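Undergrad: got a sequence here, can you model it:
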Amino acid sequence: MEHSAFNRRMSRDLVTLMLPVVLQNLLSAIVNSADVFMLSSVSQSALSASSLAAQVTFVVTLFHWSITTGTTILAAQYYGRRDLAVIRQVQGLGVLLMLGIGTAFCAACMLVPQLLMRVFTNDPELIALGASFLRVLGVSYIPSCVSQVLLSIFKSMGQTRRSAAISTICLLCNITLNFISIRVLFPHDAKLAMLGVAAATVIARVLELALCLRSIRTGSGVALSAKDVFSLRRWLWRDFWSYTLPVLANNLIYGLAMALLTAIMGHMSSDMVSANAIASNLRELVCVACMALGTAGSILLGQEMGAGRLDEAKALGRALELLSVLLGAAAGLLLMLMRGPVVRFCGLEGEAAKLLEMMIPICSVYCIGRSYNSCLISGIFCAGGDTRFGVVLDTVTMWLIVLPLSYAAAFVLRWPAVVIYMFLNLDEFVKMVPSALRFRRYRWLKNLTRGEELR
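TA: Below you'll find the predicted structure:
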């Protein structure tokens, strides 16, 4: 009877946490996909340049994920103990770190945007368009970095509706301004349309931060203060970095490898870049529930382990593993059903359209591995502080297998594009078996909180 009651409670809590995150992720994916389709109607060069420039945002996002993973791990477990004082300290630490990171990337986009673009392409037109785009987009990194920490704190305390509501408002603002820029103001001017998209992102991110600060003062229970930002406890600092540094290393290793994979496509052809921009955005769109499962599962597991309910956390972990496979398969099937309409109406022509038609089946199979690994590595393992495993796994997978094979296939062996793209998307399948074995050893099953006597 107790087991049945636990299952009902966990199912209810999981759905309650997942639904707002699904909505938030869905809207984010829709914004990205809408930008891609609207920019493709202006020119293929605008689409390719913005896609390559967005790799800088991807690197910034890697820092988002790393720092917010650290804040979520600790905040969720201490919320299991209902220790709001420590959660405020965790929040202050995250804000301080992310403010510095956002400022650094903003400065790089302002001062050396051409240099950043040359990493991804040698096409002069794409470099010029992308550099102009980055100069404006870089401003968004400062408010974005701070707001992501605050949103992660809301989620770790189970306040996913609050987080989703803020993100939804800002994403709707973003897509509305993008539509005005691309379709109303500059439908035939690629450079101005891209600048309008960048400016829309800045406005949306500033609005997001303002709403986060207002919300955190009026009901979160963890209002941000200067004392929490600058008066950090040594034990908390050590705990935070012990779980965050492996995630940061993992994300940088993975992110740099992904950037190099994008650079491989960028040096092959602009058709490859354009087709991949649409295929990858569609993949993110159909995988929103998969990503939300990892987020919600991590929060619930953290709260269970922080409260000392390790048997319940173990049972929940097994249920999440199975659900991740089912959701990944459903996402892949949905992507295949979208294949025909997308190829017909995406605005790509000739070789780019043929490449897109070839990429979608590969992405649909990729969804299964993506769902499984994100749930285990970024969700279940991180919830218990097992963050070092991902570093080793991504280093071996990306740098010793995927990158060498992709480079050789593209520039040495000159194999067909379909084979090269398969190698570019090989990582998630290589990681599935080691992830499954790690899960069953249950090293992630830990209570990370400290009592007063250990602080």
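Undergrad: going forward, measure contacts between C-alpha atoms and count neighbours the same way
TA: OK.
Undergrad: what about the stretch 101-250 of the chain, any weak spots by pLDDT?
TA: Low-confidence segments of the stretch 101-250 of the chain, defined by pLDDT under 70: 218-232.
Undergrad: how about the strands in it?
TA: For the stretch 101-250 of the chain, no strands are identified by DSSP state E, counting those that start in this stretch.
Undergrad: return the alpha-carbon coordinates of the helix or strand Arg370 falls within using CSV.
TA: Using DSSP states H and E, Arg370 maps to helix 350-373. Listed next in CSV are the C-alpha coordinates belonging to helix 350-373 (Å, rounded to 0.1, in the frame of the first residue of the first chain):
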residue,chain,number,x,y,z
GLY,A,350,18.6,22.3,-54.4
GLU,A,351,21.4,20.6,-52.6
ALA,A,352,20.4,22.1,-49.2
ALA,A,353,16.9,20.6,-49.5
LYS,A,354,18.3,17.2,-50.4
LEU,A,355,20.7,17.3,-47.4
LEU,A,356,17.8,18.2,-45.0
GLU,A,357,15.8,15.3,-46.3
MET,A,358,18.8,13.0,-45.6
MET,A,359,19.5,14.5,-42.1
ILE,A,360,16.0,14.1,-40.6
PRO,A,361,16.0,10.2,-40.4
ILE,A,362,19.4,10.4,-38.7
CYS,A,363,18.1,13.0,-36.2
SER,A,364,15.0,10.9,-35.5
VAL,A,365,17.1,7.9,-34.3
TYR,A,366,19.4,10.3,-32.5
CYS,A,367,16.4,11.3,-30.3
ILE,A,368,16.4,8.0,-28.4
GLY,A,369,20.1,8.3,-27.4
ARG,A,370,19.6,12.0,-26.6
SER,A,371,16.7,11.3,-24.3
TYR,A,372,18.3,8.4,-22.5
ASN,A,373,21.7,10.1,-21.9
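Undergrad: got the contact list for the very next helix or strand once past that helix?
TA: On the C-terminal side of helix 350-373, the closest following helix or strand by DSSP H and E is helix 382-383. Applying CA atoms under 8 Å, 6 or more residues apart in numbering, the contact partners of helix 382-383 are Thr69, Ile73, Ser298, Ile299, Leu301, Gly302, Trp444.
Undergrad: and with 6 Å instead?
TA: If you take CA atoms under 6 Å, 6 or more residues apart in numbering as the criterion, helix 382-383 is touched by Ile73, Ser298, Gly302.
Undergrad: most surrounded residue in the residues you listed?
TA: Most neighbours among these, by other CA atoms under 10 Å: Gly302, with 35 neighbours.
Undergrad: the helices in the stretch 201-350 of the chain, which residues?
TA: With helices called from DSSP state H, counting those that start in this stretch, the stretch 201-350 of the chain shows them at 226-230, 234-268, 270-286, 288-306, 310-345, 350-373.
Undergrad: and what of the stretch 1-150 of the chain?
TA: Under DSSP H, counting those that start in this stretch, the stretch 1-150 of the chain gives helices at 2-42, 44-80, 84-111, 113-118, 124-137, 141-156.
Undergrad: which of those helices sits closest to Phe411?
TA: Closest to Phe411 of the helices of the stretch 1-150 of the chain, according to CA to CA: helix 113-118, at 18.4 Å.
Undergrad: how about the closest one: buried residues?
TA: Buried residues in helix 113-118, counting neighbours by 16 or more other CA atoms under 10 Å, are found at Pro113, Gln114, Leu116, Met117, Arg118.
Undergrad: now the first one: closest residue in space that isn't a chain neighbour?
TA: This points to Pro113. Nearest non-adjacent residue to Pro113, counting by CA to CA, 6 or more residues apart in numbering: Ala131, 4.7 Å away.
Undergrad: same question for the last one.
TA: With sequence-adjacent residues excluded and distances taken as CA to CA, 6+ apart, Arg118 is closest to Ile127, at 6.5 Å.
Undergrad: next, count neighbours for the one you found.
TA: 24.
Undergrad: please tell me I have it right and it contacts Met117.
TA: Yes - between Ile127 and Met117 there is a contact under CA atoms under 6 Å: 5.4 Å.
Undergrad: any idea of the mean pLDDT in stretch 257-264?
TA: The average of the pLDDT scores along stretch 257-264 is 80.
Undergrad: how about stretch 290-300?
TA: On average, stretch 290-300 scores 85.
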